[in-house]
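> kindly generate the corresponding structure for this input.
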Amino acid sequence: MTTFGPMTRAFALAAFVFSAGAAAPAMAAPADVALLKSYVGEWRGRGVVTGAEKETIVCRLSLSDGNQDKVNYSGRCTLAGTTLSIAGTLAYVDANKRFEAAMTSNATFSGVAVGQKRGSTLTFNLREREQDEEGKDLNITAQIKLSPEAIQVAFDVVYAESGDSLRAEVPFSK
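Predicted coordinates:
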């Protein structure tokens, strides 16, 4: 069985929130901008990460108005003495005709998270293959569902070679 070290957990945690890269200039419709702005506020979450052992994860997430109809976010999660910091932007990218999320973090992670709108809910899904600090391949699947009352985050990390996995679910509220 693979033991998930602190940096592997932090790397996986970076994957679940959003993706890396820069969102193009947004020219969203007023309804799309209003949807993004409806998530602005201070959010807190607590959940469980399950792998070889169960661990508690505690997170804070702040969403604020950004430039050009974007919403900026910054957050921090703590897991077994490891802290992950993230920051980024949510936007409707008119050129791609979709919602996108961009992220930077203190863990080396890259990818693109695409969002789908259903009513007042916006769901971002991410599937990536990365390597941990030891060079082992990881398959990462993450989902974040934003609604005016709650944010739900779920992610799975699976080691390609062994099949060992790490799963987390973190509900956030204002």
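> go ahead and confirm Leu79 touches Ile57.
Yes - counting by CB atoms under 8 Å, Ile57 is a contact partner of Leu79 at 4.6 Å. For the C-beta atoms, the positions are set from N, CA and C on the backbone; glycine is no exception.
> do you know how far the closest residue to Ala150 other than its chain neighbours is from Lys97?
Nearest residue to Ala150, sequence neighbours excluded (CB to CB, 6 or more residues apart in numbering): Ser173, at 5.7 Å. In this view, Ser173 and Lys97 are 31 Å apart by CB to CB, to the nearest Å.
> the more surrounded of the two?
Neighbour count, other CB atoms under 10 Å: between Ser173 and Lys97, Ser173 has more, with 10 against 7.
> list the contacts of that one.
43-45, 149-151 (CB atoms under 8 Å, 6 or more residues apart in numbering).
> now the element after the helix or strand bottoming out on mean pLDDT in the chain, going C-ward?
For the chain, using mean pLDDT, DSSP states H and E, the weakest element among its helices and strands is helix 6-17, scoring a mean of 48. Next helix or strand after helix 6-17 toward the C-terminus (DSSP states H and E): helix 30-37.
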